[in-house]
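Participant: how would this look folded up:
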Amino acid sequence: MFHAPDVTDQPISPERRLVPLAELRRPLLPPRIGRPSVAALMLDEAETGRHGGGIVVPLG
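Facilitator: You can find the predicted model right below:
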């Protein structure tokens with residue numbers, strides 16, 4: 001399950017990654033991520049299932 005931060009029109013990020021919600025360090029300002037990065041991370045997770053259905057936050 002994805003818990004997406006603020007989504008923007010930024011281009012895809014080469015530093016995009018998924019972080020389990022339990023391991024997320026709370027930033028001072030809300031994180032932002034571009035729609036293409038969220039889409040790429042969702043596809044990667046659907047193909048690999050690396051996080052086993054846990055709650056993850058896309059960052060990038």
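
Participant: for the nearest residue to residue 12 once chain neighbours are set aside, give its distance to residue 54.
Facilitator: Leaving aside its sequence neighbours, residue 12 sits nearest to residue 36 (C-beta to C-beta, 6 or more residues apart in numbering; 4.0 Å). (Glycine included, C-beta is placed from N, CA and C.) Noted for residue 36: a distance of 23 Å to residue 54, by C-beta to C-beta, to the nearest Å.

Participant: who's more crowded, these two?
Facilitator: Taking other C-beta atoms under 10 Å, residue 36 and residue 54 do not tie; residue 36 has more neighbours (15 against 11).

Participant: which element follows whichever strand or helix holds that one toward the C-terminus?
Facilitator: Here residue 36, judged by DSSP states H and E, is contained in helix 35-48. The element immediately downstream of helix 35-48 (helix or strand, assigned by DSSP H and E) is strand 56-59.

Participant: can you give me how far that following strand is from the chain middle?
Facilitator: Strand 56-59 sits 3 Å away from the centroid of its parent chain (C-alpha atoms, centre = their mean, to the nearest Å).

Participant: who's in contact with that strand?
Facilitator: 1-5, 16-21, 24, 31, 33, 37-38, 41-42, 45 (C-beta atoms under 8 Å, 6 or more residues apart in numbering).

Participant: pretty sure residue 12 contacts residue 34?
Facilitator: Yes: at 6.3 Å, residue 12 counts as touching residue 34 under the criterion of C-beta atoms under 8 Å.

Participant: which of those two has more neighbours?
Facilitator: residue 34 (18 against 15).
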